[in-house]
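In: prediction below, plus the sequence it came from.
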2 protein chains.
Amino acid sequence: MKRIAESTVRRLSIYLGFLEDINRRGTTTVSSEQLAKLGGTTSAQVRKDLSLFGSFGKRGLGYSVAELLGRLRQIMGLERRWRVCIIGAGKIGAALAQFEGFAQRGFDVVAVYDSNPARIGEMLGELRIRDVAFLERDAETEKFDIAVLAIPPRGAQKMADRVGRAGIGAILNFVAGQLTAPPKVAMRTVDMAMELEALSFALTNRD
Amino acid sequence: MKRIAESTVRRLSIYLGFLEDINRRGTTTVSSEQLAKLGGTTSAQVRKDLSLFGSFGKRGLGYSVAELLGRLRQIMGLERRWRVCIIGAGKIGAALAQFEGFAQRGFDVVAVYDSNPARIGEMLGELRIRDVAFLERDAETEKFDIAVLAIPPRGAQKMADRVGRAGIGAILNFVAGQLTAPPKVAMRTVDMAMELEALSFALTNRD
DNA sequence: ATAAGTTTGTGAATGATTTCACAAGCGTCA
DNA sequence: TGACGCTTGTGAAATCATTCACAAACTTAT
């Protein structure tokens, strides 16, 4: 299959969210125009995005909500649940560990790690904070799919490399600053300071 | 000035981070090639990005770290500090309120709001949680520049609109689902579930 | 003072993404 | 059935972003 642009993936995710809404409302059919309105894009864009994966619509009618929902889930790999471990039980890590939004969307947080002896053993919601020394051992038996990195920048690259060597295929990175994805590992970075800087830029350079 | 692409702004933010590092190390000069290596891009890209705002380099030598740092801060609007209020003192909002990364980069969290009477009045670090009913009144006197939205999706659009009417010029949105920026308000959305979905896609469709 | 070695700034070329525009397919209604 | 109205799927065109490539400008060495 041809390479799919990151912007396309983001939009698919958006469409998926709308379809879940629409489906809950009981509507059975939706047009590219309606999806476009909801997502702030154009109907041509919606159709192009979907056409990368096949022809799911009916001319004159639109898309079957149920079918498109299924297809998108399939395309996005959301027909299964994913096992997520969180590395770093600080403020951000702890908040993420208890964030309900993850489970709702198919991502189960199954382990939380920290390196601080004072925190290891504490409970965080349902989960007991584990010693990150056991990461590799646990990854072996518990088959984590995704690691969320929420630790201080110091040592973050080393930890990312450990994640890669432990056979975990993806990283969601909350560490600010440069971090290179280990080989064969998919990584997405959420840099909140960078988002604020983008707002600062927008506020400063608005006409 | 011509419109600057979002991708460019993101890179400027990255360069800025590197320059701060480099400056701390005492290096006085840097080439586009070095910046490119650090940021995982090309030297031509770096020069193009910078050339959108002027000619800051010296041929044969590169850029003065101190000067480029100053210029970038100026371009990004980071010569001043920004006043940030956080709306929603749940898990995410509380974590953000105590996130040191913001202050380090020039963003001062000066107020936290919630609508839950049980939480109003509690301390969150240095800040007392205020009743969101006072948002507009406070915005008047305290001149918030940016509102961080960390509330449940229900009612989020209404809250965003209130932020806009209160004269706050920018929103950093952590609410999942569709949210339209009020008129004249710059908005950036951080959707963690969407990031995880992108990883799910990558894991599912890797070759 | 000149030559050799760097590195910038920028048009031109390429590549990627979005938008346009329309033929073709489908449902509805008379 | 046939005509009409709607909506898809998709090449072609337009727009946007990145990379190439090189003259010009600077430093350093001799």
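Out: It's in. Residues are numbered from 1 along each chain as shown, chains lettered A, B, ... in the order given.
In: C-alpha from now on. contacts and neighbour counts both.
Out: Noted.
In: now do the helices in chain A.
Out: A:6-25, A:32-39, A:43-51, A:65-76, A:91-97, A:100-104, A:135-142, A:156-165, A:192-204 (DSSP state H).
In: any chance of these in CSV with mean neighbour count and distance to B:Glu195 as columns?
Out: What follows is the helices of chain A, written out as CSV (neighbours: other C-alpha atoms under 10 Å in any protein chain shown; distance: least, C-alpha to C-alpha, whole Å):
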stretch, mean neighbour count, distance to B:Glu195
helix A:6-25, 17, 8
helix A:32-39, 18, 17
helix A:43-51, 16, 18
helix A:65-76, 18, 12
helix A:91-97, 21, 13
helix A:100-104, 15, 10
helix A:135-142, 14, 22
helix A:156-165, 18, 17
helix A:192-204, 21, 13
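In: TSV for the ones you listed, including mean pLDDT and distance to B:Pro153?
Out: Below are those laid out as TSV (pLDDT from 0 to 100; distance: least, C-alpha to C-alpha, whole Å):
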stretch	mean pLDDT	distance to B:Pro153
helix A:6-25	97	12
helix A:32-39	97	15
helix A:43-51	98	24
helix A:65-76	98	21
helix A:91-97	95	17
helix A:100-104	90	11
helix A:135-142	98	33
helix A:156-165	98	32
helix A:192-204	97	20
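In: mind putting the ones you listed in TSV, distance to DNA strand C included?
Out: Output for the helices of chain A, formatted as TSV (distance: least, C-alpha to the nearest atom of the strand, whole Å):
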stretch	distance to DNA strand C
helix A:6-25	5
helix A:32-39	9
helix A:43-51	4
helix A:65-76	15
helix A:91-97	29
helix A:100-104	26
helix A:135-142	33
helix A:156-165	26
helix A:192-204	19
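In: go ahead and name everything in contact with the longest strand that chain A contains.
Out: Using DSSP state E, we find that the single longest strand of chain A is strand A:107-114. Applying C-alpha atoms under 8 Å, 6 or more residues apart in numbering or on different chains, the contact partners of strand A:107-114 are A:81-89, A:97, A:102-103, A:120, A:127-132, A:135, B:196.
In: need the buried ones from those selected in ChimeraX.
Out: Of the contacts of strand A:107-114, the buried ones can be selected in ChimeraX as follows, counting by 16 or more other C-alpha atoms under 10 Å in any protein chain shown:
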select /A:82,83,84,85,86,87,88,89,97,102,103,120,127,128,129,130,131,132,135 /B:196
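In: how is chain A divided into domains?
Out: For chain A, automatic domain parsing gives the domain ranges A:6-76, A:82-194.
In: could you dump these to CSV with distance to B:Leu69?
Out: Formatted as CSV, the domains of chain A follow (distance: least, C-alpha to C-alpha, whole Å):
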stretch, distance to B:Leu69
domain A:6-76, 30
domain A:82-194, 16
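In: adding distance to B:Arg24, write the helices of chain A out as JSON lines.
Out: Conversion of the helices of chain A to JSON lines gives the following (distance: least, C-alpha to C-alpha, whole Å):
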{"stretch": "helix A:6-25", "distance to B:Arg24": "34"}
{"stretch": "helix A:32-39", "distance to B:Arg24": "43"}
{"stretch": "helix A:43-51", "distance to B:Arg24": "45"}
{"stretch": "helix A:65-76", "distance to B:Arg24": "43"}
{"stretch": "helix A:91-97", "distance to B:Arg24": "27"}
{"stretch": "helix A:100-104", "distance to B:Arg24": "38"}
{"stretch": "helix A:135-142", "distance to B:Arg24": "34"}
{"stretch": "helix A:156-165", "distance to B:Arg24": "20"}
{"stretch": "helix A:192-204", "distance to B:Arg24": "19"}
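In: of all those, which one comes closest to B:Lys37?
Out: helix A:156-165 (16.2 Å; C-alpha to C-alpha).
In: list the helices and strands that closest one packs on?
Out: Applying 3 or more C-alpha pairs under 8 Å, 6 or more residues apart in numbering or on different chains; DSSP states H and E, we find helix A:156-165 packed against strand A:146-149.
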